[in-house]
Structure formats: C-alpha cells, structure tokens
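Student: predicted model, plus sequence, below.
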Amino acid sequence: MSENRPIIAAVGAVVFKGSDVLVVRRGRPPLQGHWSIPGGKLDYGEPLADAVAREVREETGCEIRVIGLIDVFEARPQRIGEAHYLLIDYVAEWVSGDPLPADDADEAEFVPFAEALSRLAWDQTRTALQKAKLALKKARET
C-alpha cells in the first residue's frame, strides 16, 4: 500500500483524578461513537506537552498537569485512503475543571480504571492505560 500522503502526528492523555480516568466518546472519525482518551492533532511548531494540555482542555474543559510520556503508538491504514497516525500518549493528573464534552467529543467523564479499560475501543489505547497506571504509580513514589 504505497500512497504519497503525510503521516499525522497526534497526542493523547491518560488523565487521572485520583484512581479514576478521563474518557471521551468520539464525535467524529476516526472511531466516531467509540470511547477513547482525549487527544488530537499536533499543531505545527507546538511543543508536545502544550499540545496534549490544549487537546484535553478543548475536548473536556479540564486542566491537567502532564507527568510524562507513556509511549508512542502507530495506527496504520488498513485500506487505501485511510490515514496513518503517529500517536504520542502522555500520563497526566487532573488539576481543575468538570469534564464537559466539546470540540470533537460527544461525552466526557471520569470513570473507574477498570471501567475505562472496558470502554476503550482500541487495544493500543488499553495498553496506554495500563502503562499510564504504572508510570503514575512510579511518579507518585518519587
């Protein structure tokens, strides 16, 4: 599958409020109608940590403190015409704001960790959640 199209860089955040996780139901493709973590496209010249905080704010109204990088994931096109995404996910802690869906999120709420895992539509996002839980535990211990 060889197309001359750009790879889209995007950021996402696993946001914890205590032991609960912020999830959003996507209002637009990709994965419209499915649950995910807040995130979106990186703007040209934008620092990654600023981008992830902006995306969480735009989709949920919540302010966060970025703790660190979880991992980089890839969503490769399965069919011609689909986008190729490079997803850079961070772990963060909630600072303020009640989750209210906006931008491309239809719903936004904090849910228990196990429920977040069961709602998520994509295996790699579930992997990010598991890695985020470990990274947060490590950050809280130091």
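Tutor: Here it is on my side, so go on.

Student: which residues of the protein score low on pLDDT?
Tutor: 1-3 (pLDDT under 70).

Student: residue boundaries of the strands in it?
Tutor: Using DSSP state E, the strands assigned to the chain run over residues 8-17, 20-26, 35-36, 39-41, 63-75, 85-96, 105-112.

Student: could those strands go into CSV alongside distance to residue 130?
Tutor: Placement of C-beta: from N, CA and C, glycine included. Shown next, in CSV, are the strands of the chain (distance: least, CB to CB, whole Å):
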stretch, distance to residue 130
strand 8-17, 9
strand 20-26, 11
strand 35-36, 15
strand 39-41, 17
strand 63-75, 9
strand 85-96, 11
strand 105-112, 15
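
Student: residue 49: which of these is closest?
Tutor: Taking CB to CB, strand 63-75 is the member of the strands of the chain nearest to residue 49, at 4.6 Å.

Student: ok now the closest one, how far from the chain's centre?
Tutor: Using CA atoms, centre = their mean, to the nearest Å, the distance from the centre of strand 63-75 to the centre of the chain it belongs to is 7 Å.

Student: buried stuff in that strand?
Tutor: 64, 66-67, 70, 73, 75 (16 or more other CB atoms under 10 Å).

Student: longest helix in this structure, please.
Tutor: Counting residues, the longest helix found in the chain (DSSP state H) is helix 123-141.

Student: packing partners for that helix?
Tutor: Counting contacts by 3 or more CB pairs under 8 Å, 6 or more residues apart in numbering; DSSP states H and E, helix 123-141 packs against strand 8-17, strand 63-75, strand 85-96, helix 113-119.

Student: give me the buried positions along that helix.
Tutor: Burial within helix 123-141, assessed by neighbour count using 16+ other CB under 10 Å, is assigned to 125, 128-129, 131-133, 135-136.
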